[in-house]
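*Asks:* What follows is a predicted structure for the sequence shown.
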Amino acid sequence: AQSVTQLGSHVSVSEGALVLLRCNYSSSVPPYLFWYVQYPNQGLQLLLKYTSAATLVKGINGFEAEFKKSETSFHLTKPSAHMSDAAEYFCAVSGPRGAQKLVFGQGTRLTINP
Amino acid sequence: EAQVTQNPRYLITVTGKKLTVTCSQNMNHEYMSWYRQDPGLGLRQIYYSMNVEVTDKGDVPEGYKVSRKEKRNFPLILESPSPNQTSLYFCASRLASSGGNEQFFGPGTRLTVL
């Protein structure tokens, strides 16, 4: 069985500050890990993914995430927040190639203060 | 343009009135899936389909039906909607052989059952 926990349903940072969104996972098999972003009234867009290659993964819009097996974590970071980063972010886990589903975390709403 | 489309985008209905939400993808993906999104719960899988005429239950299938008669379409059917099915619904698709299991999401359908 797989599960995802996102720590903090709401995160608020100032424009220009570091963004850190936390994700911990549980998986009985080597996981694939994903971060998706959802802007208001839109569907989910893939930010980045980890598929057992490099543990530091770079995504779109300046985001990156590091896979830490020992900590079962896949935290999302961005060095300098921009107003356009305000959105809801979802961490998700799946099993290996061909797995039937993504298991999502509860989501973290990111607010950027001017 | 490669995309997943859903119709309608917004729907208000009454308890017990059968409805269908359509989903179509133009990427020749074998795998399609339906999720519902509820506050604080993230996205939960309702049903998925690995290919034409092959469907299976996800985590929350009660009250829903699906069919996969064509590769591009995967409609979600609510035979007798109830207020607890008020939610935001997403359709997703991916290649069956996708190494990263990346799913592409539609724009969502917001359903209200009175």
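*Replies:* In hand now; what should we look at?

*Asks:* use CA for all of it now, contacts and neighbours both
*Replies:* Will do.

*Asks:* what's the spacing between stretch B:14-22 and its chain's center?
*Replies:* Computed by CA atoms, centre = their mean, to the nearest Å, the separation of stretch B:14-22 from the middle of its chain amounts to 14 Å.

*Asks:* residues making contact with that stretch?
*Replies:* With contact meaning CA atoms under 8 Å, 6 or more residues apart in numbering or on different chains, stretch B:14-22 is reached by B:6-8, B:73-83, B:109, B:113-114.

*Asks:* buried ones in it?
*Replies:* Of the residues in stretch B:14-22, B:21-22 count as buried by neighbour count, 16 or more other CA atoms under 10 Å in any protein chain shown.

*Asks:* avg pLDDT for it?
*Replies:* What stretch B:14-22 shows for mean pLDDT is 97.

*Asks:* Now do the end-to-end distance for it.
*Replies:* 19 Å (CA to CA, to the nearest Å).

*Asks:* Which ones among the contacts of stretch B:14-22 lie within strands?
*Replies:* B:6-7, B:76-78, B:109, B:113 (DSSP state E).

*Asks:* what residue lies at the spatial centre of the chain?
*Replies:* Reading this off chain A. Among the residues of chain A, the one closest to the centroid is A:W35, at 3.4 Å (CA atoms, centre = their mean).

*Asks:* Wait, chain B was what I had in mind.
*Replies:* By CA atoms, centre = their mean, chain B has its centre lying nearest to B:W34, at 2.9 Å.

*Asks:* Not including adjacent chain positions, what is the nearest residue to that residue?
*Replies:* Leaving out its chain neighbours, the residue that sits closest to B:W34 by CA to CA, 6 or more residues apart in numbering or on different chains is B:C91, at 4.6 Å.

*Asks:* Just to check, that neighbour is in contact with B:Q103?
*Replies:* No - B:C91 is beyond contact range of B:Q103, at 9.6 Å (criterion: CA atoms under 8 Å).

*Asks:* which one of those two has more residues nearby?
*Replies:* Shown here are B:C91 and B:Q103; by other CA atoms under 10 Å in any protein chain shown, B:C91 has more neighbours (32 against 22).

*Asks:* three-state assignment of the more buried one?
*Replies:* strand (DSSP: H, G, I helix; E, B strand; the rest coil).

*Asks:* Tell me the spacing between it and A:T51.
*Replies:* Taken as CA to CA, the span from B:C91 to A:T51 is 23 Å.

*Asks:* Kindly report the same for B:T15.
*Replies:* Taking CA to CA as the measure, B:T15 falls 43 Å from A:T51.

*Asks:* before we move on, the earlier item: quick check, the residue nearest to the centre of chain A in contact with A:E88.
*Replies:* No - contact between A:W35 and A:E88 fails when scored by CA under 8 Å: they sit 10.5 Å apart.
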